[in-house]
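>>> below are the sequence and a predicted model for it; my questions follow.
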Amino acid sequence: MTTRPLYVGIDLGTTNSTVAVFDGEEVTLIRNNQGSVLTPSVVRIDARGNVIVGARARRFLDSDPANTRSEFKRLMGTTHALDFPASSTSRRPEELSAEVLKSLRQDVADQLGITPECAVVSVPALFELHQTAGASNAAHRAGFERVELIQEPVASAIAAGWSQSGSNGPWLVYDLGGGTFDVSLLETREGLLRVVGHDGDNFLGGRDFDRALMDVALAKLAADGIVIDRANSRHAQALRRLQVAAEDAKIELTRATQAPLFVAGLDVGGQVMDVDLTVTRSEYEAAIGPLIDRSLAICARLLAANGLGDGALERVVLVGGPTVTPLLRGRVRAVLGADFGEGLDPMTLVAQGAALFAGTVALDGRPVAKAPPSTGPKVWLQFPAMTSDLTPFVVGKLLEQTNTIKQVRIARSDGEWQSDPTPCEADGTFAVMVRLLPRQNSSFQVQGLDGSDSAVPLQPASFAITHGITLGDPPLSRSVGVALANNRVQVYFNRGSPLPIRRTFVLHTVETVHPGSEDHVLKVPIVQGEFAWAHLCRLVGTLEIPSTALTAPLPVGSEVELMLELDRGGQLRAQARIAGIDQIFDRVALLMTPQVSLETLADAQVKLRTRAADLSRAAFLDHSGKTAARLSAAMPRLDEVERNIVAARGGDLDAGEQARRALTDFDALLAEIEAEQAWPELGRKIEETFAMAVSWVAGYGNEAERSTLNNTYQACKRAFVARDSDEVERQLAVIQRLGEAAYLRHPAAWEWEFERCAARVGESTDLRRATELVAKGRDAVRQRDGETIERIVRELWGLAPVDHDEQKLGHGSGLRMR
Amino acid sequence: MTTHDPLAAWRSNPFFVLEVPTDATPTEVERAGQRLLALLALGSAGAGTYETPLGPATRDADRVRQALAALRDPQQRVLHELWANVAPADGPASGHSNAGPWEEAGHALGWSALWAR
């Protein structure tokens, strides 16, 4: 094994985790010390502080649930700490995930004799930035020095694509894990695997199937007069034990028509009893039917978004334990109308794909060997570690200036092929097309040639490329942007953008920050979502620039060059450069979801219910049956939120997280409906904005601007007819800018603007500076100094007041666009 | 922002960025992209610029990846083929990457017709 590469892939699952290795030709699943390829994602810490992971820990879920934790993946990226009372300790979800990863790493070491230093870890495609960061931290904590993340459906697709080449149509990966649901639409063409799009639900998984079955059991117990209350924290342990029993019964119901659900000595608030029930498959199927429908609605949404109708799919690949459920398989086949990929193990596909991906990015987990003795000039080689192209390029650069090497030659190790001598450019670069062996790992030797064509050794002298698949850049699942102080979002990366990606925008501070002043922080909230309003998007982290770190005052209106970068696995890097004081703040993104109190959630739920009722009333009055029906269909979600808040009061942290997310989604739905109800108003706004712009552009614009204005107005009207509010807003902004540009060419425009600013000087964010500017502006007006007036007005714009209500909605952002 | 400027968008046409013909196969497109990404990673002097009918333009790894992503999508590729094949017969002399606005460019590129779709 030591002579071959060791590419390690890990599926860090909600219920079970798996590790696989790829050696360049074959994928091998690693067994744990219990002989299984599945390691339960369960951690126990006993009274002595001993940490137990996996199947041994899972056994204690029933007898000692207080000190045994599972499902922590669903809490990744939050600040929740999970208690282990016997040892008086607590651990964050990422620390518990690290224990699972450490255990898997040890399994590789036990089986192969090498402790891997690098690994690829899979994460759900819809994991938000803070959750992704949590997964990465967990892997580092487990001892991996280099970690790459891969989206789970991409990993499944690689594994499925690796074993089933030759397909050219669209196909779907339906991945229902323990806690998350991901669906990805893929396409394979000439060996290139491309993720066309994905969708999913971060809070839908096998655990919800367990809970649905547990609800059946609770209803049966209630009928016998035994009430187990989710809101009662004294019942929390009983509920956890029942859930473990429900999970076992669920597995049995995939084969049998009925299953026992037995729990001995269940302590229900001090009353100890034996629970002995029978649940039938039909009861179970009735309970999980709505959950399956929810997943299929997401599939339909994804297909519709990509213009695919019935029967368009070539096949469906099922991933995850719950996909063995007979009802699910039947419904998926009936609704999606495609055959399932054969010979693929739904439980281990993700780990296999992650290992293959490690191969494509050459992430060899073997400890770095000592460098061989120096032989010849160094060369820097770039080549794909894995590709579907049988004749890829190998590009290199001689790192040492040498006059002896004029050309290079590359030869395949089997002696069957070698390149022609290829000349080096003046800067030492060269590009050689090499020939690979199909579906194999090909090794090559590279050597330099001097002026007389004699070989000169280079280092490295060899490299290898595997012929397999080429992976297209995965698309970003949700748009990422920065919340501004006016509650708008400056979008950095749109949904669907290929990863990795990097972008920089110049933003401006809305208030003065003095260095050293305590508790003063310039906040840059980073949000994810598809809405123009920041409060409707999810806050996934905040880049904070504390005043204590500033070396000089940061006046209001200061330029902040803010760069955001996402890598292929969705990990975020942020960098803020403050040009005025030449300071850089790097990697300061604090990617944690703040905890929200249950009282706040309950309050928000009541307010949303009232708002929804008002909208329903308005819809009935307007005879808008479609809107009324939409609201009516959405109301059960609020009922579910209410139930989850109750469960969270009883100690179910996961239910609290679900409630928080569902409330944000519901808020967004209401905002969308409100925007629809205000549609006629938007029509009037378009006409008014256009009338204003046309009056200025007609007088002070050029021909190109007049034509652009006309085209933009037509595009805006088309978007209005199509009821595309985002496009209307975008076109309106263009109309407004054209009008403003023309207006500012009026000879008196800057003076008018100056007077407008001067009239509101008392509201400025920096009164002293604004007053100074107004005094200087008055002089400039007297002297008819147009340039100075313009400069002063621009600075006064930067001092314009912030609407604090909007800023609060914008997650407290300290920035705006100029 | 630049995507709203038709000339800038045209200069960034993926076929120009990757220097491949519009009838290139997916494998040829990938190969060209892989070669360029490698050259850019090595800091090759020539890889940072490419020719367009409006004069030379600059590219970096991000632009190459965007171009690859665009040509992997069959729907986007069709549109880019259309634009790449538009011949600006009366275009400005090449060799001026910072040439000013070319008034007739929109018309020559069929911009108005496309806009009115």
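On my side now, so go ahead. Just so it is clear, the structure is predicted and the values come from calculations on it, not from any experiment.
>>> just the pLDDT at A:Trp171, thanks.
We note a pLDDT of 89 for A:Trp171 in this prediction.
>>> A:Pro438 touches A:Thr391, doesn't it?
No - between A:Pro438 and A:Thr391 there is no contact under Cβ atoms under 8 Å: 11.3 Å. C-beta here means a position set from N, CA and C on the backbone, and glycine is covered the same way.
>>> these two: which is more packed in?
Ranked by neighbour count (other Cβ atoms under 10 Å in any protein chain shown), A:Pro438 and A:Thr391 place A:Thr391 first, with 11 against 8.
>>> touching, the more buried one and B:Glu30? I think so.
No - at 11.2 Å, A:Thr391 and B:Glu30 do not qualify as touching, with contact defined as Cβ under 8 Å.
>>> averaged pLDDT, stretch A:27-46. What do you get?
What stretch A:27-46 shows for mean pLDDT is 95.
>>> do you know how far the spatially most central residue of chain A is from A:Leu484?
In chain A, the C-alpha nearest the mean C-alpha coordinate belongs to A:Glu128, at 3.6 Å (Cα atoms, centre = their mean). Noted for A:Glu128: a distance of 20 Å to A:Leu484, by Cβ to Cβ, to the nearest Å.
>>> and A:Phe620, by the same measure?
From A:Phe620 to A:Leu484 the distance is 37 Å (Cβ to Cβ).
>>> and A:Ala647, by the same measure?
Taken as Cβ to Cβ, the span from A:Ala647 to A:Leu484 is 36 Å.
>>> ok, these two, which is more surrounded?
Between A:Ala647 and A:Leu484, A:Leu484 has the larger neighbour count (other Cβ under 10 Å), namely 25 against 22.
>>> hang on, isn't the more buried one packed against A:Arg818?
No - if you go by Cβ under 8 Å, A:Leu484 and A:Arg818 don't touch, sitting 11.1 Å apart.
>>> kindly report the residues of the stretch 651-800 of chain A close to chain B.
By the rule Cβ under 8 Å from any Cβ of the partner chain, the part of the stretch 651-800 of chain A lying against chain B is A:Ala704, A:Ser707, A:Asn711, A:Gln714, A:Ala715, A:Val734.
>>> helix/strand/coil for the fourth one?
On the three-state scheme (DSSP: H, G, I helix; E, B strand; the rest coil), A:Gln714 is labelled helix.
>>> okay, now it: neighbour count?
By other Cβ under 10 Å, neighbour count at A:Gln714 equals 13.
>>> could you check which residue of the stretch 501-650 of chain A lies nearest chain B?
The stretch 501-650 of chain A approaches chain B most closely through A:Arg502 (6.2 Å), counting by Cβ to the nearest Cβ.
>>> quick check: buried residues in stretch A:134-154?
If you call a residue buried by 16 or more other Cβ atoms under 10 Å in any protein chain shown, then stretch A:134-154 has these buried ones: A:134-139, A:142, A:144, A:147-154.
>>> now do the helices in chain B.
For chain B, the helices defined by DSSP state H occupy B:6-11, B:14-18, B:26-41, B:61-72, B:74-84, B:105-108, B:111-115.
>>> please identify the most buried of those helices.
Most buried of those, by mean neighbour count (mean count of other Cβ atoms under 10 Å in any protein chain shown): helix B:14-18, with a mean of 24.
>>> elements contacting that one?
helix B:26-41, helix B:61-72, helix B:74-84 (3 or more Cβ pairs under 8 Å, 6 or more residues apart in numbering or on different chains; DSSP states H and E).
>>> let's have these in JSON lines, adding mean pLDDT and distance to A:Gly651.
Output for the helices and strands packed on helix B:14-18, formatted as JSON lines (pLDDT from 0 to 100; distance: least, Cβ to Cβ, whole Å):
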{"stretch": "helix B:26-41", "mean pLDDT": "93", "distance to A:Gly651": "51"}
{"stretch": "helix B:61-72", "mean pLDDT": "90", "distance to A:Gly651": "45"}
{"stretch": "helix B:74-84", "mean pLDDT": "87", "distance to A:Gly651": "50"}
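>>> got JSON lines for the ones you listed, with distance to chain A too?
Formatted as JSON lines, those follow (distance: least, Cβ to the nearest Cβ, whole Å):
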{"stretch": "helix B:26-41", "distance to chain A": "3"}
{"stretch": "helix B:61-72", "distance to chain A": "4"}
{"stretch": "helix B:74-84", "distance to chain A": "8"}
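>>> let me know which of these is the nearest to A:Val43.
Among those, helix B:61-72 comes nearest to A:Val43, with 39.0 Å by Cβ to Cβ.
>>> hmm, who's touching the closest one?
Contact with helix B:61-72 is made by A:192, A:194, A:472-473, A:498, A:500-502, B:12, B:14-15, B:17-18, B:26, B:29-30, B:33, B:36-37, B:40-41, B:76-77, B:80, as judged by Cβ atoms under 8 Å, 6 or more residues apart in numbering or on different chains.
>>> contact partners for the closest residue to A:Gln418 other than its chain neighbours?
Closest residue to A:Gln418 apart from its sequence neighbours, by Cβ to Cβ, 6 or more residues apart in numbering or on different chains: A:Ala411 at 3.7 Å. Applying Cβ under 8 Å, 6+ apart to A:Ala411 gives the contacts A:Trp417, A:Gln418, A:Ser419, A:Phe444, A:Gln445, A:Gln447.
>>> ditto for A:Val446
A:Val446 makes contact with A:Val379, A:Leu381, A:Val394, A:Gly396, A:Val408, A:Arg409, A:Ile410, A:Leu458, A:Pro460, A:Ala461, A:Ser462, A:Phe463, according to Cβ under 8 Å, 6+ apart.
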